[in-house]
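In: Predicted coordinates and the sequence they were generated for:
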Amino acid sequence: MSKSHERLSETHIDADTVSDFANTDAYAQILNPLVIPLRQFPISMPPPQRTIANPRSKNARVVGALFFALGALLLYFCEIKPLQDAMNHVHDLGGKFSGKGAMAGFTCFIFGLALIIGGAPVMRFFNPKPGESKAPVIVAAILMMGGGLAIHFVTKSHIESLGYVFRFP
């Protein structure tokens, strides 16, 4: 046995000394210098609160304007422009007419419009807190995409009534 082990085996520490030392700040600092004594914290800490000062919600109307512009551009190039070309009897509409573009465009358009009008509360609706139900957001997204698909089929039927034939359904 080494000398340090012999010294430890000869040293007698009673239980009261250990428990007194364990309740001191020195004990925590010996174990880990980064440990903060638990006595400084309240027993139950409240969960962090979301405030309107959230950077994402401060710029909700700016984000809404960007989504609104993106949606308007998508709707124009994927629905309105092909309809105008069909009314002007352009020979080939090409790949301009898109159902996916209509769904994305209408969704962005309505989402942007809602953010412009509603601001931060609408942003919080579309970004629920952890633990909150996401079902209303999913239902709103499905309704917006369904609206875009309905616009696409109405436009498609109007273009077909002008004599154009689509190869794909």
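Out: Nice, I can see it. On a predicted model such as this, the values are computed, not experimentally measured, just so you know.

In: domain parsing for this protein?
Out: 3-40, 55-161 (automatic domain parsing).

In: ranking the ones you listed by mean pLDDT, which is last?
Out: Lowest mean pLDDT within these: domain 3-40, at a mean of 54.

In: can you pull out the helices in the protein?
Out: Assigned by DSSP state H, the helices in the chain fall at 3-10, 15-22, 25-31, 55-58, 60-75, 81-87, 99-118, 120-126, 135-161.

In: Among the ones you listed, single out whichever gets nearest to Leu93.
Out: Leu93 sits nearest to helix 81-87 of all these, at 5.0 Å, using C-beta to C-beta. Backbone N, C-alpha and C define where each C-beta goes, glycine included.

In: Name the residues of that closest one that are buried.
Out: Going by neighbour count (16 or more other C-beta atoms under 10 Å), the buried part of helix 81-87 is 82-83, 85-86.

In: Switch these over to a markdown table; also include distance to Pro121.
Out: Output for these, formatted as a markdown table (distance: C-beta to C-beta, whole Å):
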| residue | distance to Pro121 |
| --- | --- |
| Pro82 | 36 |
| Leu83 | 35 |
| Asp85 | 40 |
| Ala86 | 41 |
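
In: Let me know which of the helices of the chain is tucked in deepest.
Out: Greatest average neighbour count among the helices of the chain goes to helix 99-118 (a mean of 20), per mean count of other C-beta atoms under 10 Å.

In: who does it touch, helix- and strand-wise?
Out: Packing contacts for helix 99-118, counted by 3 or more C-beta pairs under 8 Å, 6 or more residues apart in numbering; DSSP states H and E, involve helix 60-75, helix 120-126, helix 135-161.

In: Format those helices as JSON lines; extra columns: distance to Gly112.
Out: Formatted as JSON lines, the helices and strands packed on helix 99-118 follow (distance: least, C-beta to C-beta, whole Å):
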{"stretch": "helix 60-75", "distance to Gly112": "3"}
{"stretch": "helix 120-126", "distance to Gly112": "10"}
{"stretch": "helix 135-161", "distance to Gly112": "11"}
